[in-house]
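In: give me a model of this one.
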Amino acid sequence: MVILQELDQTDRRILLALDEDPRIPIMLLAQKLGLARGTVHARLERMAASGTLRPNSARLLPAALGRGVMAMVSAELDQSKLNDAVEALRRVPEVLECHAPAGDTDLLLRVVARSPDDLYRVSEEIRLCPGITRTSTQMFLREVIPYRTTGLLQED
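Out: Numbers count the residues shown, from 1 in each chain. The predicted structure is shown next:
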């Protein structure tokens, strides 16, 4: 489990500005915000090192890689094989995220595929992972609210 740092108002200002223009050079970002270049650079480095920032690849839409079908896969598993299941799931590139929710589902995975037929293949690959006893797949038809954090950055 990663211990994340609490973001202060300066961190939020930096991230909001990057949300508007993610490719802005640090020097221009610092000028825009009225901060020293070293301050902006150090804060971004600290956020990256602490795990506060997602990897840049998280910005990439899977459809750009030919994976336009997205789904959630619920998995039930043999609890004694949780680590084996998670390790096997890490090796399935179409598994974008895996969470352990409260409730009847043991693992909840967000996956992508090339087509409905390919989604069947991905679902089967997941089902055959060690420790997984049952899966249920729900395909998304359309994204209505994309992943976002801008509103959270603007709070307070």
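
In: list the contacts for the closest residue to residue 73 other than its chain neighbours?
Out: Spatial nearest neighbour of residue 73, chain neighbours left out: residue 109 (4.5 Å); criterion: C-beta to C-beta, 6 or more residues apart in numbering. No exception for glycine: its C-beta is placed from N, CA and C like everyone else's. Residues in contact with residue 109 (C-beta atoms under 8 Å, 6 or more residues apart in numbering) are 72, 73, 74, 75, 89, 95, 96, 97, 98, 99, 126.

In: would you mark the buried spots in the lowest-mean-pLDDT helix or strand in the chain?
Out: In the chain, the helix or strand scored least confidently by mean pLDDT, DSSP states H and E is helix 150-154, which has a mean of 89. Residues of helix 150-154 classed as buried by neighbour count (16 or more other C-beta atoms under 10 Å): residue 153.

In: could I get the full set of helices for the protein?
Out: Using DSSP state H, the helices found in the chain span residues 9-20, 26-33, 37-50, 82-90, 116-127, 150-154.

In: thanks a lot, catch you later.
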